[in-house]
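Chemist: What follows is a protein structure lacking sequence information:
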């Protein structure tokens with residue numbers, strides 16, 4: 001068993017950015033600084049005992065003064081993750097969710113990034129390899145909403161447009177459910193600030 005500092009080693013880029021036809025490294029920050037701290041534990045095969053060998057007991061960086069944003073200290077418990085997902089489904093703003101988590105636990109040092117990572121992992125599990133639009137269509141089919149078709153799906157870095165029509169029951173709650181589900185599966189996209197409609201009153205009221 002190897003025990004090392006979380007800041008050991010060097011950052012290794014796993015993705016490349018295309019810029020003017022040439023592959024360039026992604027601009028990012030890292031907490032890796034090549035810390036040499038290293039301990040190794042070995043278990044005896046003859047009896048249930050361990051021996052710990054300190055290869056290097058020194059760090060090449062100062063201790064963290066604050067644990068805010070620390071990946072391990074800021075992790076959420078199972079109950080906190082469940083609360084986070086329930087509040088997210090209820091359209092509670094991330095700022096209010098974070099305040100609620102910190103009020104429930106005075107020692108909580110989670111950040112917005114922690115929340116977004118939990119939500120992203122939960123959505124990946126729910127989609128089970130499906131795209132955002134495939135997940136949306138499956139959700140619509142599961143609840144048997146009277147959706148005729150989804151027409152003209154457009155997705156770029158700046159826009160995400162979906163045109164849909166109903167056979168019947170063009171009610172506000174139906175449109176509201178579709179829009180809420182769409183926002184929930186738009187992981188990685190910016191929530192639109194401008195929505196263009198064909199003056200369908202139920203859709204306008206839902207928006």
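Modeler: That came in fine, so what should we check first? Just so you know, these numbers come straight off a predicted model, no measurement behind them.
Chemist: now the strands for this protein?
Modeler: Remark: strands assigned in the chain by DSSP state E are 2-4, 16-19, 22-25, 38-43, 50-56, 147-155, 160-166.
Chemist: ok, of those strands, where does mean pLDDT dip lowest?
Modeler: Of all these, strand 147-155 carries the lowest average pLDDT, namely a mean of 43.
Chemist: Next, find the distance separating the residue nearest in space to the middle of the chain from residue 44.
Modeler: Nearest to the geometric centre of the chain sits residue 120, at 2.6 Å (CA atoms, centre = their mean). Residue 120 sits at a distance of 43 Å from residue 44 (criterion: CB to CB, to the nearest Å). For the C-beta atoms, the positions are set from N, CA and C on the backbone; glycine is no exception.
Chemist: ok, now residue 205?
Modeler: 72 Å.
Chemist: How about residue 123?
Modeler: According to CB to CB, residue 123 and residue 44 sit 45 Å apart.
Chemist: more neighbours, the two?
Modeler: Shown here are residue 123 and residue 44; by other CB atoms under 10 Å, residue 123 has more neighbours (18 against 9).
Chemist: That one contacts residue 185, doesn't it?
Modeler: Yes - assessed by CB atoms under 8 Å, residue 123 is found in contact with residue 185 at 7.0 Å.
Chemist: list the buried ones in the longest helix anywhere in the chain?
Modeler: Among the segments of the chain that qualify as a helix by DSSP state H, the longest is helix 112-127. For helix 112-127, the neighbour count (16 or more other CB atoms under 10 Å) marks 114-115, 117-119, 123, 127 as buried.
Chemist: Centre of the chain to it, how far?
Modeler: 3 Å (CA atoms, centre = their mean, to the nearest Å).
Chemist: Output the contacting helices and strands for it.
Modeler: Using 3 or more CB pairs under 8 Å, 6 or more residues apart in numbering; DSSP states H and E as the contact test, the elements touching helix 112-127 are helix 78-89, helix 94-104, helix 132-142, helix 172-185.
Chemist: and of these, who's closest to residue 200?
Modeler: The minimum distance between residue 200 and these falls on helix 172-185, with 8.0 Å, by CB to CB.
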